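>>> Quick one: sequence plus predicted model below, questions after.
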Amino acid sequence: MNSFQNTYRDKVVLVTGHTGFKGSWLSVWLNQLGARVVGLSIGTPTIPCNFEAAQLAHIVKDHRADICNLEAVQKIIFDTKPDFIFHLAAQSLVRASYEDPIRTLVVNSIGSAHILQSLRELNKSVVTVMVTSDKAYDNVEWPWGYRETDRLGGKDPYSASKGMAELAIRTFINSFFKDPKIGKKIAIARAGNVIGGGDWASDRIVPDCIKAWASGLQVDVRNPHSTRPWQHVLEPLSGYLTLGADLYRRSDHHSQAYNFGPSAQQNHTVKDLIEEMTKYWGNAHWNDISQNVKDAPEAGLLKLNCDKALFDLKWIPTLQFEETVHMTVEWYQSYYAQSDREIRTITENQIRGYTLLAANRGVSWAQF
């Protein structure tokens, strides 16, 4: 049984990018699992911000540093001496990568190298999950899912930065960490478009809709026919935690890359997503402006093949598309209804509910 339920108890776990959307959810989940969570981030990415709204500074040892500052990163890692590292810190927006391509390339590639360089000099066994993106693949928009052995690339600055990060990670593994007996076990995790409560990033479809609808406004949609493998934030996080636990127990999958995405039939358009969201949010309206907007190019079709994660890790996604959307909208409804802003409780309850649902469906990581 490949469960991670007890793996992280009393372990020191460093989460880079802990103030971000995925990092804040991962920090809450690790805290529930009994880990001593340490965070490394340059700051809070948005207003509002899930990290602050959920008051996560009460459960996470909060360090602020630029991932591009090697000395600062080294000091935090050397002082913390983590048992696990989940590296999520990144410039994570495609449109922002066009506005500042150099910063995007440096943060996502050199920032990743700084984590691994710090590991080289740390005299301690550490399990590290390096999170990149499905956009690391050279996307030719074919209708089948990308496998971990498919070519990496990048036609836009964000995709290129993730491909560069993967090259840096491979270089460090092959040059310095090839033998897992030295105590440094590393793997790469790639996930697709993630949605869920607590995301307030700009130019992302769910936050754009929620912010508009919460103010009684109509939302303008640029690319309603683009297709994405939508998944709830807890789906890839369950994959990251499963991968980390697997590396901790054995060395078989050291240096490997894994895709974490929804089932193959769950690719849906932006329009599908919005229409499903409107079922749970009253008086919600949107407008297709795709004919009137000349925007920076972005992939129209992208999906992942997750067979390797199933075969090696016994990991499968739990949620159907409709459940993913319902959980997402339900979180935001609770957020805007809560006068006392008990955001961490909302998040913790959704993690518990997701874990129970996974257990009831026989998902291996959820078995106690």
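Now that the structure is in, tell me what you want to look at. Numbers count the residues shown, from 1 in each chain.
>>> Residue ranges in the protein under the pLDDT threshold?
Regions of the chain meeting the criterion pLDDT under 70 cover residues 1, 292-301, 339-341, 368.
>>> and for the lengthiest helix in it, what are the contacting residues?
Residue-count comparison of every helix in the chain, with assignments taken from DSSP state H, identifies helix 157-176 as the longest. Taking C-beta atoms under 8 Å, 6 or more residues apart in numbering as the criterion, the residues outside helix 157-176 that touch it are 91-94, 96-98, 101, 104-105, 107-113, 116-117, 120, 130, 132-133, 135-136, 138-139, 152-154, 184, 186, 188, 255, 257. From N, CA and C alone the C-beta is placed, and that goes for glycine too.
>>> could you flag which of those are buried?
Under a neighbour-count criterion of 16 or more other C-beta atoms under 10 Å, the subset of the contacts of helix 157-176 counted as buried comprises 91-94, 96-98, 101, 104-105, 107-113, 116-117, 130, 132-133, 135-136, 139, 152, 154, 184, 186, 188, 255, 257.
>>> CA atoms of stretch 217-226 as CSV?
What follows is stretch 217-226 as a C-alpha-only set of coordinates in CSV (Å, rounded to 0.1, in the frame of the first residue of the first chain):
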residue,chain,number,x,y,z
LEU,A,217,-19.7,42.2,-12.7
GLN,A,218,-19.5,40.3,-15.9
VAL,A,219,-16.2,38.6,-16.8
ASP,A,220,-14.6,39.0,-20.2
VAL,A,221,-13.0,35.8,-21.5
ARG,A,222,-10.2,35.9,-24.0
ASN,A,223,-9.8,32.2,-25.0
PRO,A,224,-13.0,30.3,-24.3
HIS,A,225,-12.1,27.4,-26.6
SER,A,226,-8.7,26.7,-25.2
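>>> For beta bridges, what are the partners of the residue nearest to N193 when sequence neighbours are not counted?
Excluding the flanking residues, the one nearest N193 by C-beta to C-beta, 6 or more residues apart in numbering is R228, at 4.2 Å. Using DSSP bridges, the beta-bridge partners of R228 come out as H268.
>>> and S3, that's in a helix?
No: S3: not assigned to a helix; according to DSSP: H, G, I helix; E, B strand; the rest coil it is coil.
>>> I'd say it and G362 touch.
No: taking contact to mean C-beta atoms under 8 Å, the distance of 11.9 Å between S3 and G362 leaves them out of contact.
>>> more neighbours, these two?
Neighbours were counted for S3 and for G362 using other C-beta atoms under 10 Å; S3 has more, 17 against 9.
>>> circling back: need the contact list for the residue nearest to N193.
With contact set as C-beta under 8 Å, 6+ apart, R228 has these partners: G192, N193, N267, H268, T269, V270, L273, L302.
>>> what do you get if the cut-off is 10 Å, keeping everything else the same?
In this structure, R228 makes contact with 134, 192-195, 205, 261-262, 266-270, 272-273, 299-303, judged by C-beta atoms under 10 Å, 6 or more residues apart in numbering.
>>> Filter the residues you listed down to the ones in strands?
Under the assignment DSSP state E, the contacts of R228 contribute V194, I195, H268, T269 to strands.
>>> Among those residues, which one has the most neighbours?
Neighbour counts for the ones in strands among the contacts of R228 peak at V194, which has 25 neighbours (criterion: other C-beta under 10 Å).
>>> give the contact list for it.
21-22, 25, 92, 204, 206, 228-237, 260-261, 324.
>>> same thing but at 7 Å, please
V194 is in contact with K22, Q231, V233, P236, counting by C-beta atoms under 7 Å, 6 or more residues apart in numbering.
>>> And the last one, its phi and psi?
In other words, P236. In terms of degrees, to the nearest 10, the main-chain angles of P236 are phi -60, psi -30.
>>> Name the nearest residue to it, sequence neighbours excluded.
The shortest distance from P236 to any non-neighbouring residue, by C-beta to C-beta, 6+ apart, is to A191 (3.7 Å).
>>> quick one, helices of the stretch 1-150 of the chain?
Counting by DSSP state H, counting those that start in this stretch, one finds helices in the stretch 1-150 of the chain at the ranges 21-32, 50-53, 70-80, 94-99, 101-105, 111-120.
>>> swap that for the stretch 251-368 of the chain, please
The residue ranges that make up the helices of the stretch 251-368 of the chain, judged by DSSP H, counting those that start in this stretch, are 270-278, 307-313, 321-337, 343-360.
>>> H232 pairs with what?
Taking DSSP bridges, one finds I195 as the beta-bridge partners of H232.
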